[in-house]
Structures are given as C-alpha cells and as structure tokens.
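1. Predicted structure and sequence below. I'll ask about it afterward.
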Amino acid sequence: MSSLPLRIATRQSALALWQAEHVAQRLRAAHPGLAVELVPMTTRGDQVLDRPLAEIGGKGLFLKELEVALLQQRADIAVHSLKDVPAALEPGFALIAILARADAADAFVSNTHAALLDLPRRARVGTSSLRRQAQLRALRPDLELLDLRGNVNTRLARLDGGHYDAIVLAAAGLERLGLAARIRSRLAAPDWLPAPGQAAIAVEARAGDTRISALLAPLHDAETDVVVRAERAFNAALGGSCTLPVGAWAVLGEHELHLYGLVGDAVRGTLLRADLAGTAQAPEALGQLLGAMLLREGAAALLGQ
Ligand SMILES: NCc1[nH]cc(CCC(=O)O)c1CC(=O)O
C-alpha cells in the first residue's frame, strides 16, 4: 500500500465536512493503515448566497472547484451530496461509489407548528428549492413562499430569527448534523417527492483511476445505485439539473423497481405526476420512460422548453 495519504476534496459547510469525514472513516475501516485526509475548499455555490440557485444558473455549481483539485492532483476523490451532482458529469470524471442512502424525506421544521397542514392561512414558509415550492403550492396555495438559501445552520438561524413560520430541509442533512430533534414532521415519498438522488453520498474521481476505484469499492451500495440511477435518468430525460422543479423517488421491491416522478410549476402550484414499475436490471430505461411519459403529458410546457 502506498504511504501517500488519500486526499478527499470537500466543501467547507458543516454538512459537506461531515459527509467527507464519514467517507474518510469508512475508508480507514475498510483499509486499516490507509492514511486519509480532507482537503476543504469553497465553491461558487457556497459563495453566491444572495440569489436562488436556479437564478445563478449553470450546472455543477458545487462541483467545479473540487473537480479542478482532482485534475491538478491536489485531491484523489471528491465527496458530494448526490443531489447536487448534475445528470451528466464533465468528461474525464466518474462517480466511483454511491454510499447507502439515508432517509430521503424532506423535513418540515418549525418552532410553532407540528406539520404543514397545521400552518395558519398565509403562513410564511422558507425554501429556495423550486421542487419544494411547487409541492408546497399544490398542497397549500395560500402560503407565502419566501426565498431561503445558505447552509443548514444558516437556514435554521433564519427560522429562529423569526423570518419564517416554517422551513423545509432535507431530513438526511439534519440527521447527519445531529439536528434530528428539529424535525417536526416528515414530507415523505411517495406523496411528497425528494430531489433525485437526495440523501445519497457520491464519490467522484478522475475517470480511469483504477487504484482509487478499487479502494472505494467496499463503500459502494448496489441497491442505492439502482434506485438513484432511475431517479437521475428521469431527471436527465426532463433536461436535468438540480434547479428544475423535478422530484423523483425509486424503491427496490423484491421483484421490481418502482419509480415515482413529478414535474411542477412553482408559481402556479401545478404538479404533473406519474409512476412506473420495471426491472431493476434497467433502471435508466425506467427513468427515461417515465420522463418521456411526463413530457407527453405536458411537462415540456411546464419546464418552458
Ligand atoms: N442543496 C443543498 C443540499 N444538498 C444536499 C442536502 C441534504 C443531504 C442530502 O440530500 O444528501 C442539502 C440540504 C437540503 O436540501 O436541506
């Protein structure tokens, strides 16, 4: 074994550092004696905090700087939240491991109310996610939806500062940061759909780096890989980036893979939903099929294509 440490490029938010440290610990457990270190850095997605991600535009806002570090050999792998990883990676990079998914639900967080349906009329709810806004509008057209960006702790501080009656965050992020007690209720699939890939951690590396791929192989979870492939293919079929109002959730049964998807209009609160079951041997085909179904039903108009 090489004595050089394996270097993990990561963003510096508390959640990103937790996820990178988690990968480091799993690697040390799988390969006793392997030295692993974090290389923390800032991305454009972390720097521009005054605008919704959908407005800043561009895919992979949270990836670019980490990929540059991989190319310049300043790091060997980069750890991401899979839901921040665009459907198509830049050439020369590969996702070499997908870790077992945590709770994919969104979390309803409030200091005054237990659930979305308990909120009074015209209550203020914070989220900058178009997917969350569209589903909130569909369930509660009366709500006042307000932008809310920043890392998990920033968003909780804004809630505690009285700017909102409630906010919606990924349950997985709160749980990883030891903040599960803040979750008042879950907005769970299939009624409410998460982002494609939500709650899964992905490891990216330079394509063709077989030594690194072999080191990461024990961390890969084949079941999570199948479900997120279906979700991400659905997103890609709809023109895919994490900023579109697209929700997807797949679940692996004993005999089949079941995929649920939706496309929403965050302004009008219209939701187009569909679901399909198929073989777990072809998750991408299932995602493409469901995406094509929704496009036929009018998703193209919703997405402004
Ligand atoms: N877009 C930010 C982001 N990226 C991943 C997570 C949560 C963790 C995960 O989905 O793995 C979050 C925070 C949130 O949406 O509340």
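-> Cool, the structure landed. Bear in mind the structure is a predicted one, so any value in this text is a computation, not a measurement.

2. do you know how far the closest residue in space to residue 134 that isn't next to it in sequence is from residue 294?
-> Using CB to CB, 6 or more residues apart in numbering and skipping residues adjacent in sequence, the residue nearest residue 134 is residue 264, 2.6 Å away. Just so you know, the C-beta spots here come from the backbone N, C-alpha and C atoms, and that holds for glycine as well. Distance of residue 264 to residue 294, computed by CB to CB, to the nearest Å: 11 Å.

3. okay, those two: which has more neighbours?
-> Set residue 264 next to residue 294 and count neighbours by other CB atoms under 10 Å: residue 264 wins out with 28 against 22.

4. wait, what's in contact with the more buried one?
-> 130-131, 133-135, 137-138, 245-247, 270-272, 302 (CB atoms under 8 Å, 6 or more residues apart in numbering).

5. still on that earlier bit, what are the buried residues along the helix or strand harbouring the residue nearest to residue 134?
-> Using DSSP states H and E, residue 264 maps to strand 257-265. Neighbour-count burial for strand 257-265 flags 257-265 (criterion: 16 or more other CB atoms under 10 Å).

6. do stretch 181-198 as well
-> In stretch 181-198, counting by 16+ other CB under 10 Å, buried: 182-185, 187-189, 192-198.

7. Equivalent analysis for stretch 145-155, please.
-> For stretch 145-155, by 16+ other CB under 10 Å, it's 145-146, 148-149, 151-152, 155.

8. next one: stretch 35-50
-> For stretch 35-50, by 16+ other CB under 10 Å, it's 36, 38-39, 41, 43, 45-46.

9. Would you mind listing the residues in contact with residue 38?
-> Residues near residue 38 by CB under 8 Å, 6+ apart: 7-8, 10, 17, 20-21, 24.

10. cutoff 6 Å now
-> Listed by CB atoms under 6 Å, 6 or more residues apart in numbering, the contact set of residue 38 reads 8, 10, 20.

11. Show me what it is bridged to.
-> Counting by DSSP bridges, residue 38 is bridged to residue 8.

12. Next, find the distance separating it from residue 171.
-> 25 Å.

13. Then residue 159?
-> 15 Å.

14. One more: residue 151?
-> Plainly put, residue 151 is 16 Å away from residue 171 if you go by CB to CB.

15. do residue 71 as well
-> Distance, residue 71 to residue 171, using CB to CB: 34 Å.

16. How about residue 275?
-> Taking CB to CB, one finds residue 275 at 21 Å from residue 171.

17. So for those two, which residue has more residues nearby?
-> With neighbours defined as other CB under 10 Å, residue 275 and residue 171 compare such that residue 171 has more, 26 against 16.

18. which residues does the closest residue to the more buried one other than its chain neighbours form a beta bridge with?
-> In space, not counting the residues next to it along the chain, residue 171 is nearest to residue 107; the distance is 4.2 Å by CB to CB, 6+ apart. Here residue 107 sits in beta bridges with residue 169, residue 186, going by DSSP bridges.

19. wait, what's in contact with residue 107?
-> Neighbouring residues of residue 107 by CB under 6 Å, 6+ apart: 169, 171, 174, 183.

20. mind redoing it with 10 Å?
-> For residue 107, the contacting residues are 167-175, 179-180, 182-188, by CB atoms under 10 Å, 6 or more residues apart in numbering.

21. partners of the residue nearest to residue 134 in the sheet?
-> Legend: beta-bridge partners of residue 264 under DSSP bridges are residue 271.

22. Pull up the gap between it and the ligand, please.
-> 16 Å (CB to the nearest ligand atom, to the nearest Å).

23. what does this protein have sitting close to the ligand?
-> With CB under 6 Å from any ligand atom as the criterion, the chain meets the ligand at residues 81, 83-84, 152, 169-170, 172-173, 198-199.

24. could you redo the last one with a cut-off of 5 Å?
-> 81, 83, 169-170, 172-173, 198-199 (CB under 5 Å from any ligand atom).

25. Sort out for me which of those residues are in helices.
-> 172-173 (DSSP state H).

26. what about residue 202, neighbour count?
-> For residue 202, using other CB under 10 Å, the count is 24.

27. so it is in which element?
-> Per DSSP H and E, residue 202 falls inside strand 201-206.

28. Flag the shaky bits of this protein, pLDDT-wise.
-> 1-3, 48-59, 240-244, 266-267, 269, 299-305 (pLDDT under 70).

29. now the strands for it?
-> 6-11, 36-41, 77-81, 93-98, 106-109, 124-126, 144-146, 166-170, 185-187, 201-206, 246-252, 257-265, 270-278 (DSSP state E).
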